[in-house]
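**Student:** pasting a predicted model and its sequence here:
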Amino acid sequence: MLIKSNNRARFLACLVMITAVMFITGSNQHVIGQSPVPQNGAIDKTELVGLDCEKYGIYKFENMSDPESPAHNPKLHVGQEKAIPAFDQKIFFDKSGSRDWKEYWGTMIYSSGNGVDGVYAYQQISTTLTLDDSEDILYAPTLIPPNKARLEILSVYYFDGMNMIRGIAVVSHSTTQYPAITQVWATTFTSSFLLTYVRTNNVTIKMLRSGSGSNQVWDIYLWNWLDSQWNQINIQSSNKTGESAIPVTWGWDMWEECYMEDDWPTLPELQSYALMVLTDDWYFVTSTYGEELDSGFPHDCPYDFTMIQEYYWWSVS
């Protein structure tokens with residue numbers, strides 16, 4: 001960048017101020033740092049983190065692992081990405097069971113044959129969201145790829161009778177029984193997690209697939225803002241390999257409540273933003289790759305469900 005000499009001092013002063021803001025410490029560290037979430041308008045894909053294929057290795061696994069491929073780089077191989085250690089397994093919930101006590105709304109992600117090898121999204125979390133009934137549970141957002149993927153990652157909120165629990169969990173769907181699931185990873189919103197993985201209250205998630213059908217393996221990554229790299233969530237192979245028993249081939253990115261219709265608590269806005277799928281490249285989930293998903297909420301539901309950009313950016317408030 002070329003800077004005229006009479007503007008150099010002004011530029012350096014601004015640079016110092018920007019640097020100082022980026023390194024402010026304190027209880028709100030997780031909201032400091034740039035995030036490409038505008039108030040309105042279309043999303044600029046070039047501003048999203050971790051989509052530079054050469055730098056971050058977001059290629060299909062078979063290409064990335066092939067020494068003959070231009071994408072091949074041993075230093076960026078998925079198996080060598082930094083793993084997230086096991087967190088405190090405090091989150092307890094039951095996502096299985098009858099649909100008659102839960103409602104959901106969001107985006108259906110088409111399977112597009114067998115061609116979806118990845119999903120990506122900025123998912124908004126809240127450190128203040130409060131439910132006051134011990135039966136109330138909120139999963140929002142919750143994301144699972146199409147093609148009967150086994151892994152689903154979801155933000156979880158519930159009241160355990162004494163404390164409000166807030167965090168992120170990963171569940172593995174059974175290959176033989178629906179809707180049987182197993183919790184395979186979880187973390188509450190600790191200060192360390194917020195500092196490392198959250199900016200402007202968003203967690204950036206990427207899920208990639210190798211293989212297909214009964215041999216498919218899905219892996220989940222979170223964007224590490226401190227190291228500017230993807231960190232892989234460590235999940236045993238037996239929990240992420242094969243096809244789930246989910247009776248549909250489409251996936252979803254949605255807001256899902258359980259038992260909340262008894263009292264409809266006041267909630268802050270939650271968004272899912274920049275939802276994309278990976279085929280030959282990354283594409284926003286427009287009508288080509290998805291549609292609105294709605295269970296049909298009761299008439300007394302007080303929340304506003306808004307598809308800001310169809311169908312890759314939604315909000316519930």
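**Tutor:** Thanks, I have the structure now.
**Student:** per-residue confidence averaged over stretch 192-210?
**Tutor:** Across stretch 192-210, pLDDT averages out at 94.
**Student:** you'd agree Asp300 is in a strand?
**Tutor:** No: counting by DSSP: H, G, I helix; E, B strand; the rest coil, Asp300 is not part of a strand but coil.
**Student:** quick one: secondary structure of Leu195?
**Tutor:** Going by three-state DSSP: Leu195 is helix.
**Student:** next, count neighbours for it.
**Tutor:** Using other Cβ atoms under 10 Å, Leu195 has 16 other residues around it. (Each C-beta comes from the backbone N, C-alpha and C, glycine too.)
**Student:** separation between it and Thr279?
**Tutor:** Counting by Cβ to Cβ, to the nearest Å, the gap from Leu195 to Thr279 is 34 Å.
**Student:** would you state the helices of the chain in chain order?
**Tutor:** Assigned helices in the chain, in chain order: 8-22, 53-56, 61-65, 191-197 (criterion: DSSP state H).
**Student:** any low-confidence regions in this structure?
**Tutor:** Counting by pLDDT under 70, the chain shows low-confidence ranges at 1-43, 52-101, 114.
**Student:** tell me the contacts of the spatially most central residue of it?
**Tutor:** A centroid search over the chain (Cα atoms, centre = their mean) returns Ile205, at 3.9 Å, as the residue closest to the centre. Taking Cβ atoms under 8 Å, 6 or more residues apart in numbering, we find Ile205 in contact with 119-123, 143, 153, 220-223.
**Student:** export these as TSV, with columns for distance to Lys102 and neighbour count.
**Tutor:** TSV is the format used below for these (distance: Cβ to Cβ, whole Å; neighbours: other Cβ atoms under 10 Å):
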residue	distance to Lys102	neighbour count
Val119	22	28
Tyr120	26	26
Ala121	21	26
Tyr122	24	25
Gln123	19	24
Leu143	17	27
Ile153	18	23
Ile220	23	25
Tyr221	28	24
Leu222	26	22
Trp223	29	24
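**Student:** do I have it right that Ser315 meets Tyr303?
**Tutor:** No: contact between Ser315 and Tyr303 fails when scored by Cβ atoms under 8 Å: they sit 10.0 Å apart.
**Student:** quick one: the strands in the stretch 101-250 of the chain, in order.
**Tutor:** Listed in chain order, the strands of the stretch 101-250 of the chain (DSSP state E, counting those that start in this stretch) span 102-109, 118-124, 137-144, 151-159, 164-173, 181-188, 198-199, 202-210, 217-224, 229-233.
**Student:** mind checking how far the residue nearest to the centre of the chain is from Ile153?
**Tutor:** Computed with Cβ to Cβ, the distance linking Ile205 and Ile153 is 6 Å.
**Student:** repeat for Phe189
**Tutor:** The spacing between Phe189 and Ile153, counted by Cβ to Cβ, is 14 Å.
**Student:** cool, Thr182 as well?
**Tutor:** Using Cβ to Cβ, Thr182 is found at 14 Å from Ile153.
**Student:** what touches both of Ile205 and Ile153?
**Tutor:** Taking Cβ under 8 Å, 6+ apart as the contact criterion, the residues that touch both Ile205 and Ile153 are 143, 220.
**Student:** in CSV, list the contacts of Ile205 along with distance to Asn163.
**Tutor:** Shown next, in CSV, are the contacts of Ile205 (distance: Cβ to Cβ, whole Å):
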residue, distance to Asn163
Val119, 32
Tyr120, 32
Ala121, 28
Tyr122, 28
Gln123, 23
Leu143, 26
Ile153, 23
Ile220, 27
Tyr221, 30
Leu222, 24
Trp223, 28
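**Student:** and which of the residues you listed is nearest Gly213?
**Tutor:** When the contacts of Ile205 are compared for distance to Gly213, the smallest value, 17.9 Å, is given by Val119; criterion: Cβ to Cβ.
**Student:** I'd like to know how far the closest one sits from Gly211.
**Tutor:** According to Cβ to Cβ, Val119 and Gly211 sit 16 Å apart.
**Student:** kindly report the same for Leu51.
**Tutor:** Plainly put, Leu51 is 23 Å away from Gly211 if you go by Cβ to Cβ.
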